[in-house]
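# can't give you the sequence, but here's the structure:
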Ligand code: 6PG
């Protein structure tokens, strides 16, 4: 049968998506910029090759597709994507759709959608989460684009998506850059969750003195309860591996400098541009940046010493602290989504987003089912922090979080993400904060003016009389 979709780019993720489609009985056409990888890909496809039309170049790929064409590009979403569009636009015809399934900056996606619209072409920004395994067997997908493209792609995407209770984890979330934006914030939450788990590892292993197998067991036990999540599960797994060369635990031979490709940083940048601040994601991005400064940390360790006190905490307190931290990290992520949705008129549905994150993606967690229910019930102001479903978790968890952060801080064990969660919560529950002082300072040095509690309009302080 005619290929339903073309895949251009057979690297790790592109090949996995192509094989997923072929596996689900979807006829596809596939190609790659460097044609030499194609035979190897077809060999790997095995029996699935019968659903794949492999061609040597972009022109042949376009020619293999029925009209209107749907062409998914899995190539770097930066310069190579623009160069690809330069090549492909003249080959396409009105009504065709190009899909960018990489992690793109949503501003680029918006610009590319506008560029293609000038040619009556459609551009889809498709956020795909779940790593290679997800792409191969069922990712969570966040689609931004036109209704036309969604009606074209829906049957394919719903077939290849992860399923939660049978429901596909994919939806059309909004126009142009909406899907890539939601994917970016997904990754921001991913960063925060990873950082919180890493801080907890430090607390358990170095603060409480547990050995690695015991830490892994603890993560497994939490994973079986309300804290169940993919990241908790894989962390337990990772801690059990030994390095084949040295026989030491794998985590003990890995250099403590984290990489980052940009999505966490973009989340922070966009949040700040929208007048928001997601402190837990900021702490996670900062944590990775600080980790990369290993030479500086080695000097500072010599200069100031790296002694840390032992922690006196029980694991049930830590579990309660982690539960509230996770609520707060999602609350911060969904605040950014709401702010962007208002700014760009996307009409994002937070309940739906939480639903499609319940399976397939990296931040899949048991709690997401409760989060989608909380949004469906109408969280006040669209804020998870105020949702009645999480009131008890927050109220019961905060004393635990306070104890964990306080104990860690007193012992000199850094917990930037956990501490920033608490600082955010404590700030938000003060109806009267301290920005009055900042306003007074601004007016004093720069005549910036301030509002009064008891009168409208701009005012100046007595220092200007
Ligand atoms: C996912 C992941 C995926 C990728 C991140 C990692 O949802 O499948 O988030 O997109 O692994 O880009 O990002 P860093 O390299 O920045 O940690």
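Sure, I can see it. All figures in this text were calculated on a predicted structure; none of them were measured in a lab.
# OK, now which residue of the protein is nearest to the ligand?
The ligand sits closest to residue 129 of the chain, with a gap of 3.1 Å, by CB to the nearest ligand atom. All C-beta atoms are positioned from the backbone trio N, CA, C, and that covers glycine.
# Show me what counts as buried in stretch 283-299.
By 16 or more other CB atoms under 10 Å, the buried positions in stretch 283-299 come out as 283, 284, 285, 286, 287, 288, 290, 291, 292.
# Stretch 176-185 now?
So for stretch 176-185, counting by 16+ other CB under 10 Å, buried means 176, 177, 178, 179, 180, 181, 182, 183, 184, 185.
# Let me know the closest of the residues you listed to residue 41.
Closest approach to residue 41 among those (CB to CB): residue 183, at 25.1 Å.
# pLDDT (mean, whole number) over stretch 266-274?
When pLDDT is averaged over stretch 266-274, the result is 98.
# touching the ligand at all, that stretch?
No - counting by CB under 6 Å from any ligand atom, no contacts exist between stretch 266-274 and the ligand, the nearest distance being 9.7 Å.
# What segments of the stretch 151-300 of the chain are strands?
Per DSSP state E, counting those that start in this stretch, the stretch 151-300 of the chain carries strands over the ranges 163-164, 167-168, 170-174.
# sorry, that was for the stretch 1-150 of the chain
Going by DSSP E, counting those that start in this stretch, the stretch 1-150 of the chain shows strands at 5-8, 28-31, 52-54, 70-73, 97-100, 122-129, 140-144.
# now those in a markdown table, with mean neighbour count and mean pLDDT?
Output for the strands of the stretch 1-150 of the chain, formatted as a markdown table (neighbours: other CB atoms under 10 Å; pLDDT from 0 to 100):
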| stretch | mean neighbour count | mean pLDDT |
| --- | --- | --- |
| strand 5-8 | 25 | 98 |
| strand 28-31 | 26 | 98 |
| strand 52-54 | 20 | 98 |
| strand 70-73 | 24 | 98 |
| strand 97-100 | 26 | 98 |
| strand 122-129 | 28 | 98 |
| strand 140-144 | 29 | 98 |
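# Tabulate these (a markdown table), appending distance to residue 297.
Listed next are the strands of the stretch 1-150 of the chain as a markdown table, based on distance: least, CB to CB, whole Å:
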| stretch | distance to residue 297 |
| --- | --- |
| strand 5-8 | 43 |
| strand 28-31 | 46 |
| strand 52-54 | 49 |
| strand 70-73 | 40 |
| strand 97-100 | 37 |
| strand 122-129 | 31 |
| strand 140-144 | 36 |
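# do you know which of the ones you listed lies nearest residue 267?
When the strands of the stretch 1-150 of the chain are compared for distance to residue 267 using CB to CB, the nearest one is strand 122-129, at 12.5 Å.
# That closest one versus strand 140-144: what angle between them?
160 degrees (axes from the mean of the first three to the mean of the last three CA atoms, to 10 degrees).
# ok so, going back, looking at the strands of the stretch 151-300 of the chain, which is buried most?
Between those, strand 170-174 has the highest mean count of neighbours, a mean of 25, where neighbours are mean count of other CB atoms under 10 Å.
# Name the residues that touch that strand?
Residues from elsewhere that reach strand 170-174, judged by CB atoms under 8 Å, 6 or more residues apart in numbering: 140-145, 147, 150, 154, 157-158, 161, 179, 182, 341, 344, 346-349, 352-353, 356.
# Name every strand pairing with it and say which way it goes.
Paired strands of strand 170-174, with direction, are strand 140-144 (parallel) (DSSP bridges).
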